[in-house]
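Undergrad: fold the following for me, if possible:
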Amino acid sequence: MSPRPAETRQLILDTALRLFEERGYAATTMRAIAAEAGLSPSNAYYWFANKDELVQAFYVRIQTDHAERVAVILAGGLPLTDRLRAVEHAFLDVIGAYHGFGSAFVSIAIAPDSPSSPLSETSAPAREQSLAIYREVVAGAAPRVPEKVRDLLPELLWLCHLGVTLFWVTDRSPGQERTRRLVDATVPLIGPMLRVARLPWGGAVVEQVRTALAVAMEPR
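TA: Residues are numbered from 1 along each chain as shown. Next up, the predicted model:
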């Protein structure tokens, strides 16, 4: 029996990720991916026009898995730091199997003009999926996050999340346990920031952060 369309698409993506890890992103061609998957090149190109589309499909897969994994966590009104810590550890659980791919791919992803950059326009669908998680982290926190930072905090947390991801890519500790320790060490820092936001003069600091975020999140 012929594989179902969804199975064929997943086969191509899984094969591509393995070859990217084994041979490097630049050295892996769409024809090689098709051959390794036991498909004709035309079949592979039917599902993915190029390697960039494969990368975007991988991003969406990761964000979908992450959202599903944290749904129960985010349904309860835990304190912000507890919610954020759980969300970050869940993400590390999701991406754990892809460490080799991340190491092979990072130089492509961080290139300023790369469509595979997390900040590129091409990456917008996956980026919005991820941002939605951090919006929910903030929106459902108990006690509530101060109103003056409620709208900007998700983007700030997401940018910090990118930093954690980059650290994870370069982490050679067993099971990338150093990254988990980094999460546990940095998440509590959000407490002092929120206390500053509640102070009478905290509004000026918040506006400085807002300006910096606007620059960081400008479309690439």
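Undergrad: residues touching residue 169, list them.
TA: Shown in contact with residue 169 (Cβ atoms under 8 Å, 6 or more residues apart in numbering): 99, 102, 103, 106. The C-beta positions use only the backbone N, C-alpha and C, and glycine is treated the same way.
Undergrad: give me the domain ranges for the protein.
TA: Following automatic domain parsing, the chain resolves into domains at 1-49, 52-216.
Undergrad: got the ones you listed as a markdown table, with mean pLDDT columns?
TA: Below are the domains of the chain laid out as a markdown table (pLDDT from 0 to 100):
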| stretch | mean pLDDT |
| --- | --- |
| domain 1-49 | 89 |
| domain 52-216 | 89 |
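Undergrad: all helices for the protein, in order.
TA: 5-23, 30-36, 41-47, 51-75, 80-95, 99-109, 124-139, 147-150, 153-169, 177-186, 190-198, 202-216 (DSSP state H).
Undergrad: so for residue 117, which of these sits nearest?
TA: Distance to residue 117, taken as Cβ to Cβ, is lowest for helix 99-109 among those, at 5.9 Å.
Undergrad: which strands or helices does that closest one pack on?
TA: Secondary-structure packing of helix 99-109 (3 or more Cβ pairs under 8 Å, 6 or more residues apart in numbering; DSSP states H and E): helix 5-23, helix 51-75, helix 153-169.
Undergrad: give me the contacts around it.
TA: With Cβ under 8 Å, 6+ apart, helix 99-109 has contacts from 17, 20-21, 24-26, 55, 58, 95, 114, 116-118, 166, 168-170, 176.
Undergrad: before we move on, back to that, out of the helices and strands packed on helix 99-109, which gets nearest to residue 84?
TA: helix 153-169 (6.5 Å).
Undergrad: gap between that closest one and the chain center?
TA: Offset of helix 153-169 from its chain centre (Cα atoms, centre = their mean, to the nearest Å): 8 Å.
Undergrad: if you count neighbours, what's buried in that helix?
TA: By neighbour count on 16 or more other Cβ atoms under 10 Å, the buried set for helix 153-169 is 153-161, 164-166, 168-169.
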